[in-house]
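Chemist: Test case, fold it:
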Amino acid sequence: MNIVVLDAATLAGVDLSPLHEFGTVTTYEYTSPSEVDSRIQQANIIVSNKVQLNGAHFAIAPELKLICVAATGTNNIDLVAAKDAGIAVTNVAGYSTPSVVQHTFTLLGNLMSNIHRYAADTKLGAWQNSRMFCRLDHSINDIANKRFVIVGYGNLGQATAKVAEAFGAKVIIAERPNSKATRSGRMAFEDAMKIADIVSIHCPLTPQTENLFNVETLSLLPKHAILINTARGGIVNEQALADALANNQIAAAGVDVLSVEPADADNPLIKYQGDNLMLTPHTAWASQESITRLILGIAENITSYLDGGQHNRVV
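Modeler: Purely as a prediction, here's the structure:
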């Protein structure tokens, strides 16, 4: 088997030896659109995280049998064209849950305890020049007893809820917006927003959730609310969030994802300079352990395919 890894840099240098069991592995740290054709022509299996692959690519790769998406989302693959070409496509789900949950609470804990502000002040000498043993320049608040609203209650939302409960928070599961009925154990979306102390987003990006957090939605939140987004950037209207932070319409936000990635220098959240925003470069998923689980999951997918199985088959 000829296996081609098109964007190995996204795997952070984690050991790829599980893939070598299946044949020759050729790795490229990055692959630009103009480089795809020459790199996949002899491939039997492609591993790609974010490199776009479509029908034109499949036409020049006659030996291609399997595309292993090194992620959960498969929007970088033209699935219809893959099916028409008889190419199987797999993904890996659930591998990053511990990492994303940890990142969610890292962002939240920093914001609620203002750790980033205190650390910056200490570097500038504030503690060294203090007249008392500590500094209390910025507010510090507990997660305990806060109304912790979760938007999206799949594996990630459920795992986040467990940790929130361990902190002593009062977990509220938001119903889908514009839903005609509220399921047992959930609260209507707008009602949940109106009472939220913390909102953590874990839903997928769909036509129904795109720009879900817009001017109108953000205006529902209490002024002390904190918004955390480790899901997808397009779920939050970035200009609306930047304005809400600048105007103290909400207290703070922790964001790991943007609508366009890599980040555009003109993105409102990139340009925003307030210290009530913590912005990280889509790293919530990327613990070393998560990426190791991802690679092992890809190896399992290849094994299943070669054995005639359907494990994690998308197409």
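Chemist: what secondary structure does Ala81 sit in?
Modeler: helix (DSSP: H, G, I helix; E, B strand; the rest coil).
Chemist: Can you give me the pLDDT of it?
Modeler: pLDDT for Ala81: 98.
Chemist: ditto for Asn75
Modeler: So, for Asn75, pLDDT stands at 89.
Chemist: From Val171, how far off is it?
Modeler: 30 Å (CB to CB, to the nearest Å). Glycine gets a C-beta too; all of them are placed from N, C-alpha and C.
Chemist: Of these two, which one has the most company?
Modeler: Val171 (20 against 11; other CB atoms under 10 Å).
Chemist: Is the more buried one part of a helix or strand, or is it coil?
Modeler: Val171 - assigned by three-state DSSP - is strand.
Chemist: Identify the residues contacting it.
Modeler: 148, 150, 161, 164-165 (CB atoms under 8 Å, 6 or more residues apart in numbering).
Chemist: Out of these, which is nearest to Val89?
Modeler: Ile150 (30.0 Å; CB to CB).
Chemist: Please verify my assumption that that closest one contacts Thr160.
Modeler: Yes: using CB atoms under 8 Å, Ile150 is in contact with Thr160, at 6.0 Å.
Chemist: okay, and the common contacts of these two?
Modeler: Shared contacts of Ile150 and Thr160 (CB under 8 Å, 6+ apart): 200, 202.
Chemist: Would you mark the buried spots in stretch 23-39?
Modeler: Buried positions in stretch 23-39, judged by neighbour count with 16 or more other CB atoms under 10 Å: 25, 28, 31, 36, 39.
Chemist: So, low pLDDT: which residues of the stretch 101-250 of the chain?
Modeler: Judged against pLDDT under 70, the stretch 101-250 of the chain has no low-scoring part.
Chemist: can you map out the strands along it?
Modeler: For the stretch 101-250 of the chain, applying DSSP state E, counting those that start in this stretch gives strands covering 147-151, 170-173, 198-201, 226-229.
Chemist: mind checking which of these is nearest Ala188?
Modeler: Judged by CB to CB, the one of these that comes nearest to Ala188 is strand 170-173, at 10.5 Å.
Chemist: Val51: what secondary structure?
Modeler: What three-state DSSP gives for Val51 is coil.
Chemist: I'd like to know how far the residue located most distally from the centre of the chain sits from Ile115.
Modeler: Distance from the C-alpha centroid of the chain, by CA atoms, centre = their mean, peaks at Arg131 (42.6 Å). Arg131 sits 22 Å away from Ile115, going by CB to CB.
Chemist: got the residue ranges for the helices in this structure?
Modeler: Here the chain has its helices, by DSSP state H, at 17-20, 36-40, 55-59, 79-84, 97-113, 115-123, 155-166, 189-195, 215-220, 238-246, 268-271, 288-306.
Chemist: so which of these comes closest to Pro262?
Modeler: That would be helix 268-271 among the helices of the chain, by CB to CB, at 10.3 Å.
Chemist: now that closest one, how far from the centre of its chain.
Modeler: Centroid displacement of helix 268-271 relative to its chain, using CA atoms, centre = their mean, to the nearest Å, is 18 Å.
Chemist: buried residues in that helix?
Modeler: So, applying 16+ other CB under 10 Å, buried residues of helix 268-271: 268-269.
Chemist: Quick one: residues in contact with that helix.
Modeler: Applying CB under 8 Å, 6+ apart, the external contacts of helix 268-271 come out as 238-239, 241-243, 255, 258, 263-265, 277, 279.
Chemist: List just the nearest of the residues you listed to Thr182.
Modeler: Leu241 (26.2 Å).
Chemist: Share the number of residues neighbouring the closest one, please.
Modeler: Per other CB under 10 Å, the neighbour tally for Leu241 reads 24.
Chemist: re the thing from before, closest one to Tyr272 among the strands of the stretch 101-250 of the chain?
Modeler: When the strands of the stretch 101-250 of the chain are compared by CB to CB, strand 226-229 sits nearest Tyr272, at 13.4 Å.
Chemist: Residues in contact with the closest one: which ones?
Modeler: 104, 107-108, 111-112, 197-201, 213, 218, 221, 235-236, 241, 250-257.
Chemist: the domain parsing of the chain - what is it?
Modeler: Domain assignment of the chain by automatic domain parsing yields the ranges 2-94+288-306, 97-279.
Chemist: could I get these as TSV with distance to Arg313?
Modeler: Below are those laid out as TSV (distance: least, CB to CB, whole Å):
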stretch	distance to Arg313
domain 2-94+288-306	6
domain 97-279	19
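Chemist: and the helices of the chain as JSON lines, adding distance to Thr209?
Modeler: Formatted as JSON lines, these follow (distance: least, CB to CB, whole Å):
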{"stretch": "helix 17-20", "distance to Thr209": "34"}
{"stretch": "helix 36-40", "distance to Thr209": "30"}
{"stretch": "helix 55-59", "distance to Thr209": "28"}
{"stretch": "helix 79-84", "distance to Thr209": "20"}
{"stretch": "helix 97-113", "distance to Thr209": "17"}
{"stretch": "helix 115-123", "distance to Thr209": "28"}
{"stretch": "helix 155-166", "distance to Thr209": "13"}
{"stretch": "helix 189-195", "distance to Thr209": "11"}
{"stretch": "helix 215-220", "distance to Thr209": "11"}
{"stretch": "helix 238-246", "distance to Thr209": "15"}
{"stretch": "helix 268-271", "distance to Thr209": "18"}
{"stretch": "helix 288-306", "distance to Thr209": "23"}
